[in-house]
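S.K.: Just the structure for this:
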Amino acid sequence: MEENRFEIPKADYFTLNYNIYCGSMDGFNYRLNAKNKETITVSVWMGRLCLEKSELAAEESFPLDEEGYQKALSWLETQFQALHKGGTV
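M.R.: Numbers count the residues shown, from 1 in each chain. Okay, the predicted model is just below:
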């Protein structure tokens, strides 16, 4: 199992109620959104502002199940490493 440095709730937080979860770490921002029964979409951006007032850096969708949840965490970690590499905002 991947390390969950972002302290994102377990998969059932999304699969049971199709919730949204947002967070940030050192200027790296993320949102996980279970838009429907099929997928969870992960969006990332940099800066101090909310997503609506920022430029989206990357977005990816995954199946809304345990395997998709683990893939989403892994993708989020990869994005953090890639975008945060140059330092904090």
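
S.K.: hey, which helix is longest across the protein?
M.R.: The longest helix of the chain (DSSP state H) is helix 66-84.

S.K.: For that one, which helices and strands make contact with it?
M.R.: Helix 66-84 is packed against strand 28-33, strand 39-46, strand 58-63, with contacts defined by 3 or more Cβ pairs under 8 Å, 6 or more residues apart in numbering; DSSP states H and E. C-beta coordinates here come from the backbone N, C-alpha and C atoms, glycine included.

S.K.: and with 10 Å instead?
M.R.: Where contact means 3 or more Cβ pairs under 10 Å, 6 or more residues apart in numbering; DSSP states H and E, helix 66-84 is packed against helix 12-15, strand 20-25, strand 28-33, strand 39-46, strand 58-63.

S.K.: The fourth one pairs with which strands, and in what direction?
M.R.: In other words, strand 39-46. Paired strands of strand 39-46, with direction, are strand 28-33 (antiparallel), strand 58-63 (antiparallel) (DSSP bridges).

S.K.: List the buried residues of the longest helix of the chain.
M.R.: 68, 69, 71, 72, 73, 75, 76, 79, 80, 83 (16 or more other Cβ atoms under 10 Å).

S.K.: could you dump those to JSON lines with pLDDT and distance to residue 26?
M.R.: Listed next are these as JSON lines, based on pLDDT from 0 to 100; distance: Cβ to Cβ, whole Å:
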{"residue": "68", "pLDDT": "93", "distance to residue 26": "26"}
{"residue": "69", "pLDDT": "92", "distance to residue 26": "23"}
{"residue": "71", "pLDDT": "95", "distance to residue 26": "23"}
{"residue": "72", "pLDDT": "95", "distance to residue 26": "20"}
{"residue": "73", "pLDDT": "94", "distance to residue 26": "18"}
{"residue": "75", "pLDDT": "96", "distance to residue 26": "18"}
{"residue": "76", "pLDDT": "96", "distance to residue 26": "14"}
{"residue": "79", "pLDDT": "96", "distance to residue 26": "13"}
{"residue": "80", "pLDDT": "95", "distance to residue 26": "9"}
{"residue": "83", "pLDDT": "91", "distance to residue 26": "10"}
